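**Student:** just the structure for this:
(2 chains)
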Amino acid sequence: MAFAAFATTTAQADPAPRRRSPVALLLLLPGILYLVLFFLTPLVSLLITSFQAPAEFGDIGQYTYAFNWQNYVDVVTDYWPHIVRSFAFALAATVLALLFSYPLAYFIGVTARRWPLLQSLMLVLVIAPFFISFLLRTLAWKQLLSDESFVVTSLKAVSLLAPDAHLTGTPIAVIFGLTYNFIPFMTLPLYTTLERLDLRYLEAASDLYAHPFDVFRKVTIPLSMPGIVAGTLLTFIPAAGDYVNASRDFLGGPDSQMIGNVIEANFLVLLNYPAAAALSIILMSVILVIVGIYVKRAGTEELL
Amino acid sequence: MASGTFADAGADLELVGIQKRFPGFTAIEHLDLSIPAGSFFALLGPSGCGKTTTLRLVAGLEEPTAGSILIGGTDVTQQKAFQRPVNTVFQSYALFPHMTVLENVAFGLRRRKIADPVGKAHEALRLVELDHLAARKPQQLSGGQQQRVALARAIVNKPALLLLDEPLGALDLKLRRQMQLELKTIQEEVGLTFLHVTHDQEEAMTMADTIAVMNKGRIEQMGAPEVLYELPKTAFVANFLGQSNLFTGPVIGSTSTSITVDVAGHRVVVPADRAHRHAGEVTIGVRPEKMWLHRKAPAEAADRNIMGPGRVIDVSFSGVSTQYLVAVPYIGTLIVFAQNMAFGPVADVGDEVWLDWHVEHGFGLEDEPIPGAGPRFAADTDTRSIAAQRRESLVTELEEA
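**Tutor:** Sure thing, here's the model as predicted:
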């Protein structure tokens, strides 16, 4: 299953105890109750809401129970560009985060092994942004990427940006924000795999005539696959549903709205609860399908 | 090494003035070594003597601080590991866990773009009798099978030089003996040069044509196993390769064929061509299996050295032979291995016994004896520490003067 990818131990798990114990069931009960109450109930409620129809002679925001599957057709026809854009942005952010994080995680986990102090210091620096609310940090980036900012004026000065162009409100800014916010989620699982990478495999590969690039491609990457899968899932899933970075109040604009923003608007502004619920269900299902295929294709089971 | 082709035959290896320093310690002080093509060469020594470092230097996994490495006459000191015509069987095997056994074996062939890697990999697996497990992952194999896959993965590339880094260390005794035979057979079959690093003296002696005994980053003695065993040059070799009874004493007489040493009142004769030092304080020795145990004082004879009387302090039976520990006054404890020709031991603990051995079986060491250590060589057989002690006592002597 997909979530096995988050596991960090490579050791074989002990075989499950054969005896059924009532104590184990008793200990599981609070967790099961909690999940039923706070996960299953809202999910069912969301599913029911997504099929609701507007109440006859009702006010805005008043709906009755129905099996109005037309809701799904409507939201897909209305919002398909947002759905596609969400996954495209999430994919771009995931790829960028992987490209930035891999060398970083490799440096912390492999190169810095000889200096444990440097290793811990760098790990703290990776986690440090969590000490400040990500809303504040994203807002700060809005300032940094605004039209009067140093970044934009210098880019315009060297003609990398047209004189009348902006950064905020563009897809570039949104993807940048997503990448920035999810880099720690990519770096940490990569680090945990690379930190345990047995360098003797790399030596064996170079002893067997593998060029350093081949060593990386044929040995390092496959052996760090659990970290890559975990990191990309931890980045891709929340990024696809993100509604902060793409929001007009932060880094987004009218042409860079993601599905999360649409759900937010339908739910809080338009009070179109069935549409918001249908979009949420669609988002969830598509993510489940994509992740399922991805984990199956990545074939990391034997490495876990 | 050119891609797409194999080495024609095993190549000779030459290490010239190799030195390797790590931060804080020197692993190899000064090493000159020449291994002829097609031979089975063993580097023998205790852990931490620098033998694995030597192997890693040859493989290209470490860079020497000074000196150069030549394989088949070509200087490869500046070449990276992947450029050298050398393959290693690692102590940990280091089989890639994400590949099947077959892909592991074909890895080196694919990197060098050699035609038909899969067919050749199957062939190598057949040689180690594991072709039926080609589709398995390494974790699904036993230790002995993994070891054979590691061997197949290395020899399939037909390297000019095959390095073995204690590859049999993790196997149990029976499997180990079996693998030793297999390795030796394979080496004779494929005609490669093998450099085998081990701390197991028995393994080195059964497998290698030539053994170099290493200690503290230096080679103590090099030669054929029989020569090393029969004529050890240093106390370290005498005790690391089998066991020895060592004595020290001044030379009190010498002829063209022999020297006579006074060991705590016993006259011991050693053939001159078997002794490295012919004057002054010398250390001489004899192997325990060359000694004879007597219940009565043997008659004096020109060709035998007699020692005793002594008292048996321990008897241990090991099937083929019985080991006796005999305490001889003023000399110390001597070890005797006696073949079990009679039922039960010929002497019991507490018995008074005499020992003798044939003059021709004695040997004289090159080492300087420790001053003031008495007629029996100290149990600390570390040659360098002996040298250090000698220097220390000289310094104190000079200071007192």
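
**Student:** which residues touch the helix or strand where B:Met307 lies?
**Tutor:** Per DSSP states H and E: B:Met307 is located in strand B:304-317. The contact list for strand B:304-317 (C-beta atoms under 8 Å, 6 or more residues apart in numbering or on different chains) reads B:263, B:266-269, B:286, B:294, B:297-298, B:300, B:322-329, B:331, B:333-334, B:340, B:345, B:347-359, B:362. Quick note: C-beta positions are derived from backbone N, CA and C, even for glycine.

**Student:** where exactly do the helices run in the chain?
**Tutor:** All of this refers to chain A. Secondary structure of chain A by DSSP state H: the helices cover A:22-35, A:41-50, A:70-109, A:116-127, A:134-144, A:150-157, A:171-195, A:199-207, A:212-215, A:221-223, A:225-240, A:259-264, A:273-298.

**Student:** try chain B instead
**Tutor:** Under DSSP H, chain B gives helices at B:51-59, B:101-111, B:117-127, B:143-155, B:173-190, B:201-207, B:225-230, B:235-240, B:383-400.

**Student:** take those and write them to CSV, including mean neighbour count and distance to A:Lys142.
**Tutor:** As requested, those are exported to CSV (neighbours: other C-beta atoms under 10 Å in any protein chain shown; distance: least, C-beta to C-beta, whole Å):
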stretch, mean neighbour count, distance to A:Lys142
helix B:51-59, 24, 54
helix B:101-111, 24, 50
helix B:117-127, 18, 56
helix B:143-155, 23, 56
helix B:173-190, 15, 67
helix B:201-207, 19, 70
helix B:225-230, 17, 78
helix B:235-240, 25, 73
helix B:383-400, 12, 70
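
**Student:** ok, residue 198 - contacts?
**Tutor:** All of this is about chain A. Per C-beta under 8 Å, 6+ apart, neighbours of A:Asp198: A:Leu223, B:Ala94.

**Student:** wait, chain B
**Tutor:** By C-beta under 8 Å, 6+ apart, the contact set of B:Thr198 is B:Ala42, B:Leu43, B:Leu44, B:Leu164, B:Glu166, B:Leu168, B:Gly169, B:Ala204.

**Student:** any idea how far it is from chain A?
**Tutor:** For B:Thr198, the distance to chain A equals 19 Å [C-beta to the nearest C-beta, to the nearest Å].

**Student:** now the end-to-end length of stretch B:150-160.
**Tutor:** End-to-end distance of stretch B:150-160 (C-alpha to C-alpha, to the nearest Å): 17 Å.

**Student:** now it, how far from the centre of its chain.
**Tutor:** Its chain's C-alpha centre lies 24 Å from the corresponding centre of stretch B:150-160 when counted by C-alpha atoms, centre = their mean, to the nearest Å.

**Student:** and it, average pLDDT?
**Tutor:** For stretch B:150-160, mean pLDDT rounds to 90.

**Student:** anything in it near chain A?
**Tutor:** Yes: residues of stretch B:150-160 are located near chain A by C-beta under 8 Å from any C-beta of the partner chain, namely B:Arg153, B:Asn157.

**Student:** so where's the chain shaky on pLDDT?
**Tutor:** Answering for chain A, as no chain was given. Along chain A, segments meeting pLDDT under 70 span A:1-19, A:299-304.

**Student:** meant chain B actually
**Tutor:** Those would be B:1-9, B:343-345, B:369-401, if you go by pLDDT under 70 across chain B.

**Student:** on that earlier part again, switch the helices of chain A over to CSV; also include mean neighbour count and distance to A:Asp59.
**Tutor:** Compiled in CSV, the helices of chain A are given as follows (neighbours: other C-beta under 10 Å; distance: least, C-beta to C-beta, whole Å):
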stretch, mean neighbour count, distance to A:Asp59
helix A:22-35, 10, 35
helix A:41-50, 14, 17
helix A:70-109, 18, 19
helix A:116-127, 13, 48
helix A:134-144, 14, 33
helix A:150-157, 13, 45
helix A:171-195, 23, 35
helix A:199-207, 21, 66
helix A:212-215, 15, 65
helix A:221-223, 17, 58
helix A:225-240, 24, 33
helix A:259-264, 22, 21
helix A:273-298, 18, 13
